[in-house]
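Peer 1: What shape does this take:
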Amino acid sequence: MNPSEASAELRARCNDVSRLVTAMHPLVPRLGNPAAQGDILRALFELTKQVEVVKKHLIRLEKQDGSTAL
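Peer 2: Numbers count the residues shown, from 1 in each chain. This next block holds a predicted model:
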């Protein structure tokens, strides 16, 4: 697997994680425990932030690869 393929695979996995985390959000209020709900929502937000960090790094790497090809 070359770097471009690895980047594309990582991006696809990030999108999968994002979809799963987004699908979890509507379930949280059904727990009926405000303290747990707050903690879970914070954790889901942190997951989302970290996935975005990975995506930003992928974008930077892709830009570097593109600029070296010129």
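Peer 1: tell me what the longest helix that the chain contains is packed against?
Peer 2: When the chain is scanned for its longest helix (criterion: DSSP state H), the result is helix 34-69. On a contact count with 3 or more CB pairs under 8 Å, 6 or more residues apart in numbering; DSSP states H and E, helix 34-69 meets helix 3-24. Bear in mind the C-beta positions are built from the backbone N, C-alpha and C, glycine included.
Peer 1: ok so, going back, how about the longest helix of the chain, which residues are buried there?
Peer 2: 40, 44, 51, 58 (16 or more other CB atoms under 10 Å).
Peer 1: Show the contacting residues for the closest residue to the second one other than its chain neighbours.
Peer 2: In other words, residue 44. If the residues on either side of it in the chain are set aside, residue 44 comes closest to residue 21, at 5.5 Å by CB to CB, 6 or more residues apart in numbering. Under the criterion of CB atoms under 8 Å, 6 or more residues apart in numbering, the neighbours of residue 21 are 44, 47, 48, 51.
Peer 1: and the gap between the second one and residue 41?
Peer 2: Pointing back at residue 47 there. 11 Å (CB to CB, to the nearest Å).
Peer 1: what separates stretch 44-56 from the chain centre, distance-wise?
Peer 2: 4 Å (CA atoms, centre = their mean, to the nearest Å).
Peer 1: got it, and stretch 57-66?
Peer 2: 17 Å.
Peer 1: residues in contact with the most centrally placed residue in the chain?
Peer 2: Of all residues in the chain, the one closest to the mean position by CA atoms, centre = their mean is residue 51, 2.6 Å from it. Listed by CB under 8 Å, 6+ apart, the contact partners of residue 51 are 14, 17, 18, 21.
Peer 1: go with 6 Å
Peer 2: 14, 17, 18 (CB atoms under 6 Å, 6 or more residues apart in numbering).
Peer 1: can you tell me how far it sits from residue 65?
Peer 2: 21 Å.
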